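**Student:** A predicted structure for the sequence below; I have some questions about it.
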Amino acid sequence: MNALRETAREGKRVLLTGGTGYLGALLAAQVLSDDWADTLIVPSRRAQAAGTMPEEIHRELIALGTDPDRLADRIEVVAWKGAEQVSREDMVSMLAGVDTVIHCAGCLDYFDSVALQALNVEFTQRLVDASKAAGVARFIFISTAYAGGYSGAPIPERALETPASDPTDYTLTKRQAEHVVASSGIPFLVIRPSIVIGSAKDGRYSGKRYGLYQQWMGIERLLSDRYHDELHTVATDQPLNLLHQDVFQASMASILRWVPDGEHINLVVSNRSAPSMKQLWQMICEVTRPHSVVFYDHMRQVDLKAIHMRQRAYLTFAQTNLEIGAYPWQFERGWLEQLSQRGLVFTETTADTIKICQDRFVRSSSLLQRYLERFGNELPARVEYRQHHEHTSSLSLSMA
């Protein structure tokens, strides 16, 4: 691994794709608030009044304690038809004078292979080609920590080889897009964040309900309409790699300044402190408190016909994420270790920091609040946990 830069890199005229999405808005607010970019250009399908900024970026600036009005003249919103339809000529024109592209746009749909290929791979190729034609000096690509797929080995901080299999076509197309960027001839960075969740400070979350929030939403919508005396779910002791959004922002600020060109960075947390899916279920059961919970290592162990239809619906709904969470992911973290020595304050994810996010979610959920009002006085003080085909144990849980 190379050493960090001796002098900080700076962005001048920066184009950010996906700037109105979740990670894009977090990035936009970060690079504006800490003065990394002189001018930030954000393509948007929505009409935007002159001198105003997208509401998503406005909201994230306020969350950072920054006055959006002070930065309004440093953001340019460019109307476009979207990644699917924008022409090469329009992209080259949009990139005039741009020194840095941060490519954060993409398709997240696990099951739409056509859209994944079109947006994650083909559009990335077109954007790279337009960037070369426009003389862009640097191309920064936001990938995913899971782009390495099910390889059986730790995910390295270098170009990825083809694994034995992929969790989804999303990870496959992100890996293909990484190769497009790395072979472009433009100085580049590939950054691979893991699953981003709410702030470690106050639990605030501004994204869609993916990942952990999909799990909580499933519990909220499918399991809180009635009291489930016994709960069946797939959960293992494998640590989950969940990254708090404020840590994502702080880490990105440090990566953009100090990591040299041509590198791949795994933006992930340590398995030593990260809780497992089983621990997360125990945490949410402190809220819903069934009498007993049966844990399974794999979906194929669950007799779906024998469990309540609502639980069956939940497991079917969350199957892909449950399988990803059960895989023994390992990641190299050399760049984060160097950046921490340079001054990056990196908050590792723990059960305590996730509970901050869970508590905020529960407080904001009318369905869960209604559940607690309806069943609160009848909920047991103890929950029994059983491992499928293994010994039974019980834990006392708080009466939160």
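**Tutor:** Thanks, I have it.

**Student:** looking at the sheet around residue 294, what are its partners?
**Tutor:** When assigned by DSSP bridges, residue 294 has beta-bridge partners residue 232, residue 386.

**Student:** So it is in contact with residue 234, correct?
**Tutor:** No - applying Cβ atoms under 8 Å, one finds residue 294 not in contact with residue 234, separated by 10.1 Å. Any C-beta I mention is one placed from the backbone N, CA and C, and that applies to glycine too.

**Student:** For residue 387, grab the count of nearby residues.
**Tutor:** Using other Cβ atoms under 10 Å, residue 387 is surrounded by 17 other residues.

**Student:** Residue 181 now?
**Tutor:** What residue 181 shows, counting by other Cβ under 10 Å, is a neighbour count of 23.

**Student:** And residue 213, by the same measure?
**Tutor:** Neighbour count for residue 213, taken as other Cβ under 10 Å: 18.

**Student:** Tell me, what's the model's pLDDT at it?
**Tutor:** pLDDT, residue 213: 93.

**Student:** Residue 391 too?
**Tutor:** Value listed for residue 391 in the pLDDT field: 42.

**Student:** by contact count, what packs against the strand or helix carrying residue 175?
**Tutor:** Using DSSP states H and E, residue 175 falls within helix 169-182. Judged by 3 or more Cβ pairs under 8 Å, 6 or more residues apart in numbering; DSSP states H and E, helix 169-182 is in contact with helix 113-116, helix 123-134, strand 138-142, strand 188-193.

**Student:** mind redoing it with 10 Å?
**Tutor:** Other elements packing on helix 169-182 under the criterion 3 or more Cβ pairs under 10 Å, 6 or more residues apart in numbering; DSSP states H and E are strand 100-103, helix 113-116, helix 123-134, strand 138-142, strand 188-193, strand 263-267.

**Student:** any chance of those in JSON lines, plus mean neighbour count?
**Tutor:** Below are the helices and strands packed on helix 169-182 laid out as JSON lines (neighbours: other Cβ atoms under 10 Å):
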{"stretch": "strand 100-103", "mean neighbour count": "25"}
{"stretch": "helix 113-116", "mean neighbour count": "16"}
{"stretch": "helix 123-134", "mean neighbour count": "20"}
{"stretch": "strand 138-142", "mean neighbour count": "24"}
{"stretch": "strand 188-193", "mean neighbour count": "23"}
{"stretch": "strand 263-267", "mean neighbour count": "23"}
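
**Student:** Confidence-wise, which of these is weakest overall?
**Tutor:** helix 113-116 (a mean of 94).

**Student:** Go ahead and name everything in contact with that one.
**Tutor:** Applying Cβ atoms under 10 Å, 6 or more residues apart in numbering, the external contacts of helix 113-116 come out as 84, 106-110, 122, 168-174, 176-177.

**Student:** Residue 335: which of those residues is nearest?
**Tutor:** residue 174 (18.4 Å; Cβ to Cβ).

**Student:** residues contacting the closest one?
**Tutor:** Residue 174 is in contact with 106-107, 116, 120-121, 124, 141-149, 160, 166, 168, 190, 192, counting by Cβ under 10 Å, 6+ apart.

**Student:** now the closest residue to residue 142 other than its chain neighbours: how far from residue 41?
**Tutor:** Among residues not flanking residue 142 along the chain, residue 104 sits closest, at 4.5 Å (Cβ to Cβ, 6 or more residues apart in numbering). Distance, residue 104 to residue 41, using Cβ to Cβ, to the nearest Å: 13 Å.

**Student:** Now for these two: what residues contact both?
**Tutor:** Common contacts of residue 104 and residue 41, defined by Cβ under 10 Å, 6+ apart, comprise 16-17, 19.

**Student:** now those residues in a markdown table, with neighbour count, pLDDT and distance to residue 208?
**Tutor:** Formatted as a markdown table, those follow (neighbours: other Cβ atoms under 10 Å; pLDDT from 0 to 100; distance: Cβ to Cβ, whole Å):
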| residue | neighbour count | pLDDT | distance to residue 208 |
| --- | --- | --- | --- |
| 16 | 27 | 98 | 19 |
| 17 | 23 | 97 | 18 |
| 19 | 27 | 95 | 16 |
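
**Student:** Show me which of these is closest to residue 298.
**Tutor:** Among these, and counting by Cβ to Cβ, the member closest to residue 298 is residue 17, at 37.6 Å.

**Student:** Show me what the closest one is bridged to.
**Tutor:** Going by DSSP bridges, residue 17 is paired in beta bridges with residue 103.

**Student:** does it really touch residue 102, like I thought?
**Tutor:** Yes - the pair residue 17 / residue 102 is scored as a contact, 7.3 Å apart, by Cβ atoms under 10 Å.

**Student:** what residues do these two have in common as contacts?
**Tutor:** Common neighbours of residue 17 and residue 102 (Cβ under 10 Å, 6+ apart) are 24, 141-142.

**Student:** so which of the shared contacts of residue 104 and residue 41 comes closest to residue 344?
**Tutor:** residue 16 (21.4 Å).

**Student:** Now do residue 217: how many residues are near it, please.
**Tutor:** 19.

**Student:** That one belongs to a helix, doesn't it?
**Tutor:** Yes - counting by DSSP: H, G, I helix; E, B strand; the rest coil, residue 217 is part of a helix.

**Student:** Now it: closest residue in space, sequence neighbours ignored.
**Tutor:** residue 209 (4.7 Å).

**Student:** List phi and psi for the one you found.
**Tutor:** Per-residue torsions, residue 209: phi -80, psi 80 (degrees, to the nearest 10).

**Student:** correct me, but it touches residue 218?
**Tutor:** Yes - judged on Cβ under 10 Å, residue 209 makes contact with residue 218 at a distance of 9.3 Å.
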